[in-house]
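Participant: Predicted coordinates and the sequence they were generated for:
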Amino acid sequence: MNRGIRLQLTDFRKAVEGLIASYTTDTRYMTDQGTFQIVMNRAFELLGLTESEIVREFGTSLPSVALWKKGLTAPHPAMRQHVYAWLIDRTTEAESTI
C-alpha cells in the first residue's frame, strides 16, 4: 500500500513541477482557475492538508480557501507559483516519510 501512495505522491509532485515549468512557456496556466482547483483538491486529498494550514502559510482567509477548493476563485497567478512550490515541498516531505 505504501508503494501505491508513494507513486501517487510522486506523480502529483511531477505534475505540479510541470505546471511551474509551463508558466514560462504557456501563459494559459497562469490564469486557469480550473487547474488550480484540481491541484488544490488533490493536494488536500493526498497530503491531508487543512484549510487552516493554507491560511497560515499564505496569509489568506478561510472563506478564500473554501472558494479556491470550489473553483470559484483562485489567487493571483504570481501567488499560485508560490502555492505550487510549497505543495512540491510538502509532497517531497511526504514522499520521504513513506
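Facilitator: Received it, and whenever you're ready, just let me know what you need.
Participant: so where's the protein uncertain?
Facilitator: Low-confidence segments of the chain (pLDDT under 70): 1, 24, 26-30.
Participant: Report how many residues lie close to residue 74.
Facilitator: Residue 74: 21 surrounding residues under other C-beta atoms under 10 Å. Where C-beta positions appear, they are placed from N, C-alpha and C, glycine not excepted.
Participant: err, residue 36, not the other one
Facilitator: Using other C-beta under 10 Å, the number of residues around residue 36 comes to 23.
Participant: Ok, residue 45 next?
Facilitator: 11.
Participant: and what of residue 80?
Facilitator: 24.
Participant: separation between it and residue 97?
Facilitator: 26 Å (C-beta to C-beta, to the nearest Å).
Participant: got the contact list for the closest residue to residue 67 other than its chain neighbours?
Facilitator: With C-beta to C-beta, 6 or more residues apart in numbering as the criterion, residue 67 has its nearest non-adjacent residue at 4.3 Å, and that residue is residue 73. Residue 73 sits next to 33, 64, 67 when contact means C-beta atoms under 8 Å, 6 or more residues apart in numbering.
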